[in-house]
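Participant: Predicted structure and sequence below. I'll ask about it afterward.
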Amino acid sequence: MKYNAPLFRILMILAFLLPGTVHSQTAASKMNQFVSGLMAKMTVQEKIGQLNLVVGGEATTGSVVSTGVEEKIKQGKVGGIFSVSSPQRIRSIQELAVQQSRLKIPIIFGMDVIHGYRTIFPIPLGLAASWDMQRIEQSARIAAQEATADGLNWTFSPMVDISRDPRWGRISEGSGEDPFLGSAIAAAMVKGYQGKDLSADNTLLACVKHFALYGAAEAGRDYHSVDMSRIKMFNDYLPPYKAAIDAGVGTVMSSFNDVDGIPASANKWLLTDLLRKQWGFKGMVVSDYTSVNEMIDHGLGDLKQVSALAVKAGLDMDMVGEGFLTTLEASLKEGKITMADIDRACRMVLEAKYKLGLFEDPFRYCNEQRAASEIFSATHRKVARETAARSFVLLKNQGVLPLAKKGSIALVGPLADAKENMVGTWSVSADVSKATSLLTGLKEVAGSGVNVRYAKGANVTEDSALEARTSVFGKPWQRDPRHPDTLIAEAVRLALQSDIVVAAMGELAEFTGEASSRTDLNLPNSQKKLLDALMATGKPVVMVLFSGRPLTIVEEDKKLPAILNVWFGGSEAGYAISDVLFGDVNPSGKLPVTFPRNVGQIPIYYSYKNTGRPLVGDEFQKFRSNYLDVSNTPLYPFGYGLSYTKFDYSPVSLSKASLKGAEKLIARVTVTNSGKFAGEEVVQLYIRDIIASNTRPLKELKGFKKILLQPGESKEVSFEITTDLLKFYDHNLRYNWEPGEFTVFIGTNSRDNQSANFTWSR
């Protein structure tokens, strides 16, 4: 096969020059013609080989590592490889495929590029807290530019699983609890990765995951079963996947869990009826890491049986398990699957490679000059620093922040000088040695006028075994062998000599992420003891909270004058945190997920439904829906986040109170910055359907805008409301709106807002 054939190039150019629908039809026709011609030359074994995705480097999400990869490539038994990078390594592997295999079909190269490649941005939950779609899209664009410069062309991102259970470790990898916000982020990430032309050498094929419902694992335990009604699926959990499909995502990854009792990787309703037929997805579906093999433990049969079930359900590529490679030919001969099943899957893989331009030039991503100049550049790090600073959420501030750039600061805590942990979980391509610790950042941003002194004060936890389990993926944790009382005494001495204390507390990076579920979301006792000792000094204490999930910090909220949640901010975290602490950047992050008071409230989220016996007010009432021992309310509500300035909201103004049919409603508020600092505010719109044929949430996010206001400045913010925003799936899974009464809420979070009522008739 000759990849640089003049005719092929002419056809490609003509396809992209033709405008609009003609262009897309012509491009699709040319792709179909090319792939069909190639498949006509392929043996059954070569077709099955394209369905085999192997790991070429270290395992990042499982214990299985592929073997004999080089020989399999020569035999045409490998369609894709992941966890290998660098133009030189990828070129050498690609040469095996296009020079030594019979049909010279190029390989697709992927990696878990989740929140940055070498330049690491905040963890996805932190990015979601920015509520800034432009910055989120830009983070994905930079990740794509760097990853493709290092030879990659496929990422297993975005992860869009809705989660309302912070015990689940992978809540850190998603966008939180809300389908409207999650959908907007899903679309932004896809656009950032894929750009406008997948065949360009700086765009990355995206893969939306985990399809579907993975974030609702029972008990918050990773890989666990999921059981929910279809109405909950369609209204609350499926929208972000659909948003990614509508944005043109090229691939989809199936999830580990079951859906309606059938594992996702063999669920025909999910992968074919819903995804392809109802939603119109035309790309490739890949399994998660050995999820096909794991269906054996689900109880669906042996490897041959589960592999046949998967391919018949609509799964196209088998990640690492090699069940397809070793069993599908036998299943074909036995009539368990058809040639059409194999052909469909093979076509999807080949089409993905065609769209990436790999047939035209298998080495288009192997540019060593790009790798030298475009990875971890000063420009990218600047964007990462700015983005991180705008993802932090100020949870409490009693006049302590921002800090003055004078005097003395005692920086204490187990995460104060822990640069390896700043990049957070799922940062497999990060060079952690280049990350910036809070200690480094604070000293540099403070300048020579501030005396910054450091003491560790405590280990992250008194449980050394827990620390060891979370010191993985290039994030070693050096446990201080000194007695806890000695560590605390050292920190207290430093605090007494200083004007203010900054306490860096929370989780290690790998306390969250895959296989990192937890049942205790309190700060560990070692850190609680340190905080108590610091508070006893009488010095003001600012807690900088590192977390990949909501934590239950009721005690800390009561005791401390200031809490800044910084998630894990990425490569430039130390600088970004310091920018916010000193007021060079005014915090503007808003929580994309509710913070519970204790784990007994979980699952907890803002868009809950009323019961027949709702609690009126906050006080306990017998025979009402509440707890004996804790309030129904969360510690911090969804959408919450403070600023160094103050924003005042006018009452909501509606363009009309009664609408009909296709009319549009304009809802307005005037927001005024009545404080002393310039600041950004996320103005949030919620709607309630008061009377409907199905029970409806008390409040649903339906719009948001992030605005910048100078001190004393006012700005009118308007939202256009159409019947599309009123639609929901009813008990028959019909998606429509119903006439009736509605309430619109506009405010600073899901709890604190102004409201107005309107009616809408047909």
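Facilitator: Cool, the structure landed.
Participant: Could you tell me which residues make contact with Phe719?
Facilitator: Going by CB atoms under 8 Å, 6 or more residues apart in numbering, Phe719 touches 666-668, 685, 702-703, 705, 746. Bear in mind the C-beta positions are built from the backbone N, C-alpha and C, glycine included.
Participant: Show me how to select, in ChimeraX, the buried members of the residues you listed.
Facilitator: Remark: buried members of the contacts of Phe719, expressed as a ChimeraX selection using 16 or more other CB atoms under 10 Å:
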select :667,668,685,702,703,746
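Participant: Tabulate the contacts of Phe719 (a markdown table), appending pLDDT.
Facilitator: Shown next, in a markdown table, are these (pLDDT from 0 to 100):
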| residue | pLDDT |
| --- | --- |
| Ile666 | 98 |
| Ala667 | 98 |
| Arg668 | 98 |
| Leu685 | 98 |
| Lys702 | 98 |
| Gly703 | 98 |
| Lys705 | 98 |
| Ile746 | 98 |
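Participant: neighbours around the spatially closest residue to Pro587 that is not a sequence neighbour, how many?
Facilitator: In space, and not counting its chain neighbours, Pro587 is closest to Leu394: 4.3 Å by CB to CB, 6 or more residues apart in numbering. Close neighbours of Leu394, defined as other CB atoms under 10 Å, add up to 21.
Participant: Phi, psi for Leu394 please.
Facilitator: phi -80, psi 110 (degrees, to the nearest 10).
Participant: correct me, but it touches Ser643?
Facilitator: Yes: if you go by CB atoms under 8 Å, Leu394 and Ser643 touch, sitting 6.6 Å apart.
Participant: Centre-most residue in the chain?
Facilitator: The residue lying closest to the centre of the chain (CA atoms, centre = their mean) is Gly174, at 3.0 Å.
Participant: if we can go back for a sec, quick one, what contacts the residue nearest to Pro587?
Facilitator: Contacts of Leu394 (CB under 8 Å, 6+ apart): 401, 562-565, 580, 587, 589, 641-644.
Participant: wait, what's in contact with the nearest residue to Ser255 once chain neighbours are set aside?
Facilitator: The shortest distance from Ser255 to any non-neighbouring residue, by CB to CB, 6+ apart, is to His210 (3.5 Å). Going by CB under 8 Å, 6+ apart, His210 touches 159, 161, 253-257, 264, 288.
Participant: any idea whether His210 is helix, strand or coil?
Facilitator: Counting by DSSP: H, G, I helix; E, B strand; the rest coil, the backbone at His210 sits in strand.
Participant: do Ala371 as well
Facilitator: helix.
Participant: That one and Ala147 touch, don't they?
Facilitator: No: between Ala371 and Ala147 there is no contact under CB under 8 Å: 10.4 Å.
Participant: circling back to that earlier point, make a markdown table out of the contacts of Phe719 and add secondary structure and distance to Val630.
Facilitator: Shown next, in a markdown table, are the contacts of Phe719 (DSSP: H, G, I helix; E, B strand; the rest coil; distance: CB to CB, whole Å):
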| residue | secondary structure | distance to Val630 |
| --- | --- | --- |
| Ile666 | strand | 40 |
| Ala667 | strand | 35 |
| Arg668 | strand | 38 |
| Leu685 | strand | 30 |
| Lys702 | strand | 30 |
| Gly703 | strand | 32 |
| Lys705 | strand | 34 |
| Ile746 | strand | 30 |
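Participant: of the contacts of Phe719, closest to Gly321?
Facilitator: Lys702 (41.6 Å; CB to CB).
Participant: any idea of the pLDDT on the residue nearest to Ser255?
Facilitator: With respect to pLDDT, His210 has a value of 98.
Participant: Could I get the CA-only coordinates of the top helix by length along the chain as PDB?
Facilitator: For the chain, the longest helix by residue count, based on DSSP state H, is helix 20-40. The C-alpha coordinates for helix 20-40 follow below in PDB (Å, rounded to 0.1, in the frame of the first residue of the first chain):
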ATOM      1  CA  GLY A  20     -21.100  22.200   4.100                       C
ATOM      2  CA  THR A  21     -23.100  19.000   3.600                       C
ATOM      3  CA  VAL A  22     -21.600  18.300   0.200                       C
ATOM      4  CA  HIS A  23     -18.200  18.300   1.900                       C
ATOM      5  CA  SER A  24     -19.300  15.900   4.700                       C
ATOM      6  CA  GLN A  25     -21.000  13.600   2.300                       C
ATOM      7  CA  THR A  26     -18.000  13.500  -0.100                       C
ATOM      8  CA  ALA A  27     -15.600  13.000   2.800                       C
ATOM      9  CA  ALA A  28     -17.700  10.200   4.200                       C
ATOM     10  CA  SER A  29     -18.000   8.600   0.700                       C
ATOM     11  CA  LYS A  30     -14.300   8.700   0.200                       C
ATOM     12  CA  MET A  31     -13.600   7.200   3.600                       C
ATOM     13  CA  ASN A  32     -16.100   4.500   3.000                       C
ATOM     14  CA  GLN A  33     -14.600   3.700  -0.400                       C
ATOM     15  CA  PHE A  34     -11.100   3.500   1.000                       C
ATOM     16  CA  VAL A  35     -12.000   1.400   4.100                       C
ATOM     17  CA  SER A  36     -14.100  -1.000   2.100                       C
ATOM     18  CA  GLY A  37     -11.300  -1.500  -0.400                       C
ATOM     19  CA  LEU A  38      -8.900  -2.200   2.400                       C
ATOM     20  CA  MET A  39     -11.200  -4.600   4.200                       C
ATOM     21  CA  ALA A  40     -11.700  -6.500   1.000                       C
END
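Participant: what comes up buried for it?
Facilitator: Buried residues in helix 20-40, counted by 16+ other CB under 10 Å: 26-27, 30-31, 34-35, 38-39.
Participant: the helices in the stretch 501-650 of the chain, which residues?
Facilitator: 525-536, 554-559, 573-581 (DSSP state H, counting those that start in this stretch).
Participant: still on that earlier bit, following element in sequence after the longest helix of the chain, please.
Facilitator: Sequence-wise, the next helix or strand downstream of helix 20-40 (DSSP states H and E) is helix 44-49.
Participant: Please point out which parts of that following helix sit buried.
Facilitator: 46-49.
Participant: got it, and stretch 452-464?
Facilitator: Residues of stretch 452-464 classed as buried: 452-461 (neighbour count, 16+ other CB under 10 Å).
Participant: quick one: which two of these are the most distant?
Facilitator: Once CB to CB is applied, the buried residues of stretch 452-464 give Val452 and Thr461 as the farthest pair, at 25.5 Å.
Participant: Give me the below-cutoff pLDDT ranges for this protein.
Facilitator: Within the chain, the stretches with pLDDT under 70 are 1-24, 57-65.
Participant: which is the next helix or strand following the helix or strand where Gln88 lies?
Facilitator: Per DSSP H and E, Gln88 falls inside helix 87-95. Next helix or strand after helix 87-95 toward the C-terminus (DSSP H and E): strand 108-111.
Participant: partner strands of that next one, parallel or antiparallel?
Facilitator: strand 80-82 (parallel), strand 154-155 (parallel) (DSSP bridges).
Participant: Please identify the most buried of those.
Facilitator: With neighbours taken as mean count of other CB atoms under 10 Å, the strands paired with strand 108-111 reach their highest mean count in strand 154-155, at a mean of 27.
Participant: what's downstream of that one, the next helix or strand?
Facilitator: Downstream of strand 154-155, the next assigned helix or strand under DSSP H and E is helix 179-194.
Participant: So the nearest residue to Ser471 once chain neighbours are set aside versus Leu411, what's the distance?
Facilitator: With sequence-adjacent residues excluded and distances taken as CB to CB, 6+ apart, Ser471 is closest to Trp477, at 4.1 Å. Per CB to CB, to the nearest Å, Trp477 is found 18 Å from Leu411.
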